[in-house]
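Q: Coordinates for the following, if possible.
(chains A and B)
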Amino acid sequence: MISGTIQARIRAAILQSVPILLLAAGAVSLLLLALDFSPIGIIRAMAAGSLTSWLKFSQLLSIWVPLLLCSCGLLFTFRAGLWNIGVEGQVVMGAIGATILLRMNPGFLPPPITIIGAMAAACIGGGLWGLLAGVLKNRGGVNEIFGGLGLNFVAQAIILYLIFGPWKRAGIASMSGTDILARDLWLPAPIGWRVAPAALVTAIAVFILTWIFLDHTLFGLKVKAVGLNPKAARLFHIDPNRYGLVAIMVGGALAGLAGGLQVTGVYHRLIPAVSSGYGYLGLLVVMLANYKTLPVPLITLFFAWLAAGSIQLPIMLRIDSSLSGVIQGACVLSALLVHGLRTRRQG
Amino acid sequence: MKKATIIGMLLTALCFIAAPGIARETAKTFTFGLLMVGPANDHGWSQAHFEAAKEIEKEVAHTKMLYIDKVNPADRPGITIPMLVDDLVSKGARLIIGNSDDMKDGMREAAMMHPDIYFLHISGDDALHGKTGNNLSNLMGRMEYGKMMAGFAAAMTTKTGKIAYLGPLINAETRRLTASAFLGAKYAWTKILNKPAADLKFKVSWIGFWFNIPGVTSDPTLVTKQLLDSGYDVVISGIDTTEALVVAGQRHKAGKAVWAIPYDFKDACDEAPDTCLGVPYFNWLPGYKQFITAARDGKWKKQFVWLGPDWKDINNPETSSIGFIEGQALGKDQRAALADFQHGLADGSINLFTGPLNFQDGSVFLKKGETATDEQIWNLPKLLAGMEGASK
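A: Reported below is the predicted structural model:
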């Protein structure tokens, strides 16, 4: 029975994504041809740069991890009918939370415990930042889009203040961030790996838990009810405000976790651009997935491939790498278009 | 549970789709990789590196360049120096040049990961402190001289006695360079024009990074406008890009008597020649050549190299690492005075880092008659007395 549904779902997902991909590929190819670039050459360069060895693929995965975490967080908020634009800020606050703990580095604790504590602090930092956006909405009547956007700027200001103020490196305040962490506080990665296995496992586990919670529990059903029709939800004694708060807090915590992993696993220090735009990219991922859970890991993988592969464009073809942003944009627009047409036909 | 297994299998399968790469190394060519912090056509810092590397491809037999520009967290979020180095190495690069102070940690980390690849970090000093293995060296130009000439030309030209310096972020390098510009200006003001030192205003405005990052740094265009509005009539640029010159050029067109001195790249004056007093620039060719041939011929040595001008001809592209090209806006008398000044610097009769010199806070930097060592200049801890602006 279960495998039957999953087959049906996969079939549906494929049927759904084929027109989107065709449309996106067509639009991008036309654009590239108009600019006098060969689409095939570009795909080949991008594939060669990110798929031809484990080293390169593990780099791609190091982008996939934070993007997947942010996207999972967004699944919660979208399901509750919230537009959580504040993911960037939540990533930043998570990174700050983790850094606070890592900088204290209590010597009596073994480093792995410190790192785990830092990840917890990251979840708390991001979660509280999300909660703040939620409270602003519930209590202050501030739409979560504006609240989230405002809080992004506040978070950016806080991180810049910390990096240029109290946490600056000895003698030099630098955009390149705080002093590098002690080696034993880095998430360990085996030789030849550019992604920490612990980060990979965390991301996969978070995705599976997200899927279970949202698609297979009463909690998930209630969140969905809140998202679909808050007024009707009240009739079933579901308080939309409370469920909204929980959703945005969970979303924030997952984004915060992404920020914490960036600090210990990728940059090994706190940098101003620690959120790397994953918050906004996550929005595109979830929209492209039509707000469904299962396609998210694959779409994030595709976006991670675009990000990692885009570096090949200037090296191999001397094309500006922002082209990958155009490809992303074309995909999302195509998705929205296909979904929109389909809904209209059904309606 | 079954669904979870399927997802797990899917992910694992994806990992294995990544087939092993095909090595395609040509035995004869020596490939080097260049990581530039800004765009390769910025008319400034990064372009100076890019042009030198292109010249190397022409002049040094069997060399080939791979490059990536805009290597900074704002332009390429999520991309780290070690990732880029992995990539360049997999494409055959044997030497990696990182052209920004900002890449220090990344270069160090990548050098640890690739002990058999050579690394050249521009403007850092890791090789001095033994913080790294033998595969990481440092190269920098003695821009102090160029900045002294810039300050000199500025003071000879200013009508208001107010000179501004558009600074990037605050570190030892930028303190050293702003102080040099100030010393050049003070020399012209007091020794050539015989005016009292107190009448010379020298203000440093830091924007926060090497170039404009909207929302993060101060906007250099706005900062320049404010400086010009408040009576500073010469702006010396210390950032990687040419906003100071562009704004001064617009004001000049509107009939204002203002000037600018860009930085880094020999053709930087081209954007607004009428208002350009000259440009102190880096010529990376001699330094690059030294390191790249050494690496190619297996004669690499870990070292810290700080190359100066070739005083016989500071604009000789083959030999002089620091140059100064006079701009159209520099007057005839000023040119003559600048030439004398350059002779003085060349023969050592003028050493501006000579005491008595105090820091901004009044503490003593150099006692009377004392000259600064290279190390004191390289690590200049504060701005000098007479300069306005933050030291930290």
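Q: Do you know the pLDDT at B:I6?
A: pLDDT recorded at B:I6 is 57.
Q: List the buried residues of stretch B:245-263.
A: Residues B:245-252, B:258-263 are the ones in stretch B:245-263 that count as buried (16 or more other C-beta atoms under 10 Å in any protein chain shown). For every residue, glycine as well, the C-beta is placed using N, CA and C.
Q: Name the nearest of those residues relative to chain A.
A: B:Y263 (18.4 Å; C-beta to the nearest C-beta).
Q: Correct me if wrong: the closest one contacts B:Q47.
A: No. Under the criterion of C-beta atoms under 8 Å, B:Y263 is not in contact with B:Q47, lying 11.6 Å apart.
Q: Output the buried residues of stretch B:245-263 as TSV; include the columns secondary structure and pLDDT.
A: Shown next, in TSV, are those (DSSP: H, G, I helix; E, B strand; the rest coil; pLDDT from 0 to 100):
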residue	secondary structure	pLDDT
B:L245	helix	96
B:V246	helix	96
B:V247	helix	97
B:A248	helix	97
B:G249	helix	96
B:Q250	helix	96
B:R251	helix	96
B:H252	helix	95
B:V258	coil	97
B:W259	strand	97
B:A260	strand	97
B:I261	strand	97
B:P262	coil	97
B:Y263	coil	95
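Q: Now do the same for B:G215: helix, strand or coil?
A: Three-state assignment for B:G215 (DSSP: H, G, I helix; E, B strand; the rest coil): coil.
Q: Excluding chain neighbours, what is closest to it?
A: The spatially closest residue to B:G215, leaving aside those adjacent along the chain, is A:Q156, at 7.3 Å (C-beta to C-beta, 6 or more residues apart in numbering or on different chains).
Q: A:Q328 in helix, strand or coil?
A: Going by three-state DSSP: A:Q328 is helix.
Q: Let me see the ranges of the helices in the stretch 51-200 of chain A.
A: For the stretch 51-200 of chain A, applying DSSP state H, counting those that start in this stretch gives helices covering A:54-79, A:87-104, A:111-140, A:144-164, A:197-216.
Q: right, so of those helices, which gets closest to A:G325?
A: Using C-beta to C-beta as the measure, helix A:54-79 is the one of the helices of the stretch 51-200 of chain A that comes nearest A:G325, at 14.1 Å.
Q: Low-confidence stretches in the chain?
A: By default, I'm working from chain A. For chain A, the stretches flagged by pLDDT under 70 are A:1-4, A:170-175, A:346-347.
Q: that answer is for a different chain, and I need it for chain B
A: By pLDDT under 70, the low-scoring segments of chain B are B:1-27.
Q: Excluding covalently adjacent residues, which one is nearest to the residue nearest the centre of it?
A: Residue closest to the average C-alpha location in chain B (C-alpha atoms, centre = their mean): B:W45, at 5.6 Å. Among residues not flanking B:W45 along the chain, B:D240 sits closest, at 3.9 Å (C-beta to C-beta, 6+ apart).
Q: which bits of the stretch 201-350 of chain B sit near chain A?
A: Within the stretch 201-350 of chain B, the positions lying close to chain A (C-beta under 8 Å from any C-beta of the partner chain) are B:G208, B:F209, B:I213, B:G215, B:V216.
Q: From those, pick the one nearest chain A.
A: Using C-beta to the nearest C-beta, these come closest to chain A at B:F209, 5.0 Å.
Q: Enumerate the positions of the helix or strand harbouring A:A25 that are buried.
A: Secondary-structure element containing A:A25, defined by DSSP states H and E: helix A:2-34. Buried positions in helix A:2-34, judged by neighbour count with 16+ other C-beta under 10 Å: A:A13, A:Q16, A:S17, A:I20, A:L21, A:L23, A:A24, A:A25, A:A27, A:V28, A:S29, A:L32.
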